[in-house]
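*Asks:* got a sequence here, can you model it:
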Amino acid sequence: MPLLQFSTSLSLSPAERESFAAFVTDRYVEEMETTAGHVAVTVSELDRSAMGLGRAVDGPLLFLDAEIREGRPFEYKRAFALAVMEHAVAEFGVPEPNAKVVFTEHAGADMMGIDRVGGDWAGE
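*Replies:* As a prediction, the model looks like this:
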């Protein structure tokens, strides 16, 4: 189960959050070669004073902490990260320097639900 956790100083409407989560899920499925049923997305809106970035410019911040299963090639992760950041820039006016992504990779068995324990990623 990938857990894609966004922290942002944006103030989004419920419809914008739902649309953004759907976009992120769709892009994750496409770029990471998986299915949508287990993709988890959270959006936490914080006051700008609760976020910091040394090289930030004026405007909202958007950070993605992507907890994913290990094994995806760099190119998959980079394509997903770029798609998300470019979307935030185009749709919400996040300045490019203020959009950041970090990936943390876990063994498949470290990702679980009540009904199953994840396995290793088996790409092409």
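
*Asks:* may I have the beta-bridge partners of the residue nearest to Ser11 when sequence neighbours are not counted?
*Replies:* Leaving aside its chain neighbours, Ser11 sits nearest to Glu45 (6.1 Å; criterion: CB to CB, 6 or more residues apart in numbering). C-beta here means a position set from N, CA and C on the backbone, and glycine is covered the same way. Note on Glu45: beta-bridge partners by DSSP bridges are Thr8.

*Asks:* who touches Glu45 in this structure?
*Replies:* Residues near Glu45 by CB atoms under 8 Å, 6 or more residues apart in numbering: 8-12.

*Asks:* what score does it have for pLDDT?
*Replies:* In this model, Glu45 is scored at 98, pLDDT.

*Asks:* could you measure from it over to Val117?
*Replies:* 32 Å (CB to CB, to the nearest Å).

*Asks:* which of the contacts of Glu45 ranks first by neighbour count?
*Replies:* Thr8 (24 neighbours; other CB atoms under 10 Å).

*Asks:* so how far is Gly59 from that one?
*Replies:* Distance from Thr8 to Gly59, counting by CB to CB: 11 Å.

*Asks:* any common contacting residues for these two?
*Replies:* Val94.

*Asks:* just to be sure, Thr104 is in a helix?
*Replies:* No: according to DSSP: H, G, I helix; E, B strand; the rest coil, Thr104 belongs to no helix; its state is strand.
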